[in-house]
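Asker: structure of the sequence below:
(2 chains)
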Amino acid sequence: DTEVTQTPKHLVMGMTNKKSLKCEQHMGHRAMYWYKQKAKKPPELMFVYSYEKLSINESVPSRFSPECPNSSLLNLHLHALQPEDSALYLCASSRGQDTGELFFGEGSRLTVL
Amino acid sequence: GNSVTQMEGPVTLSEEAFLTINCTYTATGYPSLFWYVQYPGEGLQLLLKATKADDKGSNKGFEATYRKETTSFHLEKGSVQVSDSAVYFCALSEGGSYIPTFGRGTSLIVHP
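Answerer: Numbering: from 1, shown residues only, chains lettered A, B, ... in the order given. Purely as a prediction, here's the structure:
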């Protein structure tokens, strides 16, 4: 059982919708990550939060907006997405930003119509 | 920059066969090395890791040894099961950023 919980597991949205993906961990980890994964590809890093502050933004379009309300929660707000944004969105956490040992959630499968 | 090269898949085996998935890396310093596994419909899970040269990581019958002289971290298992069917990602992490660099992934299909 994963200790990183993501909701929803599946999301279908139109290009004009606003939706959010949510991620929660209770392992006391202080770094949290959003990744995007296309089929048959490795995950691509989008954002990293360290101690609730955004530390890395991999030049992600502004239609993706991350938020870290507290040390256990991470959100990804979606607005005006494009069909090519359809993918599996993975949340991960780690003890700190000083390790490559990540704990992943099961992902949110997003389809943009 | 850092990079990880994995063998192209899919790797197709019969149950109880021996598995090797090759992984080589390029890094500027002394990275930690990881194998992650992604089962169908799931996120990635850490399978094993090694933090310095000659370390052997092991878990669930899988093993990999950190070989600095050949810059390799090949994944092996003596007898695969159908339940091992998944995509396996080799990754490295190095001081400074520590964000893992992933290889392309290798799909393993095990037939009964």
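Asker: run a quick neighbour tally on the closest residue to chain A within chain B.
Answerer: Residue nearest to chain A within chain B (Cβ to the nearest Cβ): residue B:93, separated by 2.3 Å. For every residue, glycine as well, the C-beta is placed using N, CA and C. Neighbourhood size, residue B:93 [other Cβ atoms under 10 Å in any protein chain shown]: 24.
Asker: and the one 5 residues further on, by the same measure?
Answerer: Using other Cβ under 10 Å, residue B:98 is surrounded by 18 other residues.
Asker: ok, it - contacts?
Answerer: Neighbouring residues of residue B:98 by Cβ atoms under 8 Å, 6 or more residues apart in numbering or on different chains: A:97, A:98, A:99, A:100.
Asker: for the residues you listed, which entry has the maximal number of neighbours?
Answerer: residue A:100 (23 neighbours).
Asker: let me see the contact set for the residue lying closest to that one once chain neighbours are set aside.
Answerer: Leaving aside its sequence neighbours, residue A:100 sits nearest to residue B:93 (Cβ to Cβ, 6 or more residues apart in numbering or on different chains; 2.3 Å). For residue B:93, the contact set (Cβ under 8 Å, 6+ apart) comprises A:99, A:100, A:101, B:31, B:32, B:33, B:34, B:99, B:100, B:101.
Asker: likewise for residue B:33?
Answerer: B:23, B:25, B:49-51, B:57, B:64, B:66, B:73, B:90-93.
Asker: ok, now with 7 Å
Answerer: By Cβ atoms under 7 Å, 6 or more residues apart in numbering or on different chains, the contact set of residue B:33 is B:25, B:49, B:50, B:66, B:73, B:92.
Asker: what's the most distant pair in the residues you listed?
Answerer: The distance between the two most remote of these (Cβ to Cβ) is 13.4 Å, for B:25 and B:49.
Asker: output the contacting helices and strands for the lowest-mean-pLDDT helix or strand in chain B.
Answerer: Taking mean pLDDT, DSSP states H and E as the measure, chain B has strand B:101-102 as its least confident helix or strand, at a mean of 94. In this structure, strand B:101-102 packs against strand B:3-6, strand B:86-93, with contacts taken as 3 or more Cβ pairs under 7 Å, 6 or more residues apart in numbering or on different chains; DSSP states H and E.
Asker: the helix or strand following the first one packs against which elements?
Answerer: Looking back up the chat, that one is strand B:3-6. Next helix or strand after strand B:3-6 toward the C-terminus (DSSP states H and E): strand B:11-14. Packed against strand B:11-14 by the contact rule (3+ Cβ pairs under 7 Å, 6+ apart) you find strand B:106-111.
Asker: chain center to the strand it packs on, what's the gap?
Answerer: Relative to the centre of its chain, strand B:106-111 is centred 13 Å away, using Cα atoms, centre = their mean, to the nearest Å.
Asker: quick one: work out the angle between that strand and strand B:86-93.
Answerer: For strand B:106-111 against strand B:86-93, the angle by axes from the mean of the first three to the mean of the last three Cα atoms, to 10 degrees is 150 degrees.
Asker: ok, strand B:106-111: who's next to it in the sheet?
Answerer: Sheet partners assigned to strand B:106-111 using DSSP bridges are listed as strand B:11-14 (parallel), strand B:86-93 (antiparallel).
Asker: sorry, back to before: show me which of the contacts of residue B:93 is closest to residue A:58.
Answerer: Distance to residue A:58, by Cβ to Cβ, is smallest for residue B:99 among those, at 9.3 Å.
Asker: wait, doesn't that closest one sit right on residue A:45?
Answerer: Yes. Between residue B:99 and residue A:45 there is a contact at 6.1 Å, judged by Cβ atoms under 7 Å.
Asker: that concludes my questions; thank you for your assistance.
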